[in-house]
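Asks: my questions concern the predicted model and sequence given below.
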Amino acid sequence: GAVVSQHPSWVICKSGTSVKIECRSLDFQATTMFWYRQFPKQSLMLMATSNEGSKATYEQGVEKDKFLINHASLTLSTLTVTSAHPEDSSFYICSASRGVTNSPLHFGNGTRLTVT
Amino acid sequence: AQSVTQPDIHITVSEGASLELRCNYSYGATPYLFWYVQSPGQGLQLLLKYFSGDTLVQGIKGFEAEFKRSQSSFNLRKPSVHWSDAAEYFCAANFGNEKLTFGTGTRLTIIP
């Protein structure tokens, strides 16, 4: 089956530093990737939609300058949390789509970010 | 507005007992519907999906779900739960694009 790899699985960083999270589709070309944020015991909130070769589309309330998304190839999207603060601590999950509307999304295993 | 509702935040069942997790959606047409399971600190695994056709769909790990248009529901069921089924379950819908809208999730606890 399709596999999405997300790296790192956890990261601890100091306030003010930036952190990059990678999302790779390992056995299919992902025309679209999605980035979600999940707070403890809550559902997944879509942050942005990333299309290969174009700018990401951010959901309302998500700071695009804070959460930089790059989708440089059909198998890789990156999320960079810039100038991280403790309130950015969360579980970030990516998912990838083959580009078909009714295709189920394949999810990475998530990245636990802790900002101290 | 398009939405997915999971009315039960937390459900506890005994091992071996049957399970039903509720999911309702709000949409003018029939969306594409999914159930995902999430273990602590992990990503999401697809259990099953409904696009059209037979309203009773079978998934992995012995789960099934029934789509009921009249009730705008897509409830997840399992006849006999195992301790390993303890996890968070999310119902999700695709309302015509590639985005998924998730319900708030139901945490399943299994007691011996």
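Replies: It's in. Keep in mind the model is a prediction, meaning the values are calculated, not measured.

Asks: C-alpha from now on. contacts and neighbour counts both.
Replies: Noted.

Asks: need phi/psi at the residue of chain B at minimum distance from chain A.
Replies: Sorted by distance to chain A under C-alpha to the nearest C-alpha, the residues of chain B start with residue B:43, at 3.7 Å. Backbone geometry at residue B:43, expressed as degrees, to the nearest 10, gives phi -80, psi -160.

Asks: I'd assumed residue A:92 was in contact with it.
Replies: No - applying C-alpha atoms under 8 Å as the test, residue B:43 and residue A:92 come out as separate, 9.3 Å apart.

Asks: common neighbours of those two, please.
Replies: Between them, residue B:43 and residue A:92 have residue A:110 as joint contacts when contacts are counted by C-alpha atoms under 8 Å, 6 or more residues apart in numbering or on different chains.

Asks: looking at the two, which is more packed in?
Replies: Just comparing residue B:43 and residue A:92: by other C-alpha atoms under 10 Å in any protein chain shown the higher neighbour count belongs to residue A:92, 27 against 22.

Asks: pretty sure residue A:87 sits in a strand.
Replies: No - checked against DSSP: H, G, I helix; E, B strand; the rest coil, residue A:87 lies outside a strand; its state is helix.

Asks: burial measure for it, as a count.
Replies: Tallying neighbours of residue A:87 according to other C-alpha under 10 Å, which is how burial is gauged here, yields 10.

Asks: enumerate every residue touching it.
Replies: When contacts are counted by C-alpha under 8 Å, 6+ apart, residue A:87 touches residue A:115.

Asks: need the per-residue pLDDT for it.
Replies: pLDDT, the model's per-residue confidence, is 94 for residue A:87.

Asks: now swap in residue A:95 and tell me
Replies: Reading off the per-residue confidence, residue A:95 sits at a pLDDT of 92.

Asks: quick one: contacts for residue B:90?
Replies: Contacts of residue B:90 were listed using C-alpha under 8 Å, 6+ apart, and they are A:43, B:35, B:36, B:37, B:38, B:102, B:103, B:104, B:105, B:106.

Asks: let's see if you can find the most crowded of those residues.
Replies: Counting by other C-alpha under 10 Å, residue B:105 has the largest number of neighbours within the contacts of residue B:90, with 28 neighbours.

Asks: quick one: that one from residue A:98, how far?
Replies: Plainly put, residue B:105 is 25 Å away from residue A:98 if you go by C-alpha to C-alpha, to the nearest Å.

Asks: shaky segments in chain A?
Replies: Applying pLDDT under 70 to chain A flags residues A:1-2, A:100-104.

Asks: spatially central residue in it, please.
Replies: In chain A, the C-alpha closest to the average C-alpha coordinate belongs to residue A:35, at a distance of 3.5 Å (C-alpha atoms, centre = their mean).

Asks: what helix or strand is it on?
Replies: Under the criterion of DSSP states H and E, residue A:35 resides in strand A:32-38.

Asks: partners of that strand in the sheet?
Replies: Using DSSP bridges, the strands paired with strand A:32-38 in its sheet are strand A:44-51 (antiparallel), strand A:90-97 (antiparallel).

Asks: so what's the residue count around the one residue in chain A that gets nearest to chain B?
Replies: For chain A, the residue positioned closest to chain B under C-alpha to the nearest C-alpha is residue A:109, at a distance of 3.7 Å. The local packing count at residue A:109 equals 25, with neighbours defined by other C-alpha under 10 Å.
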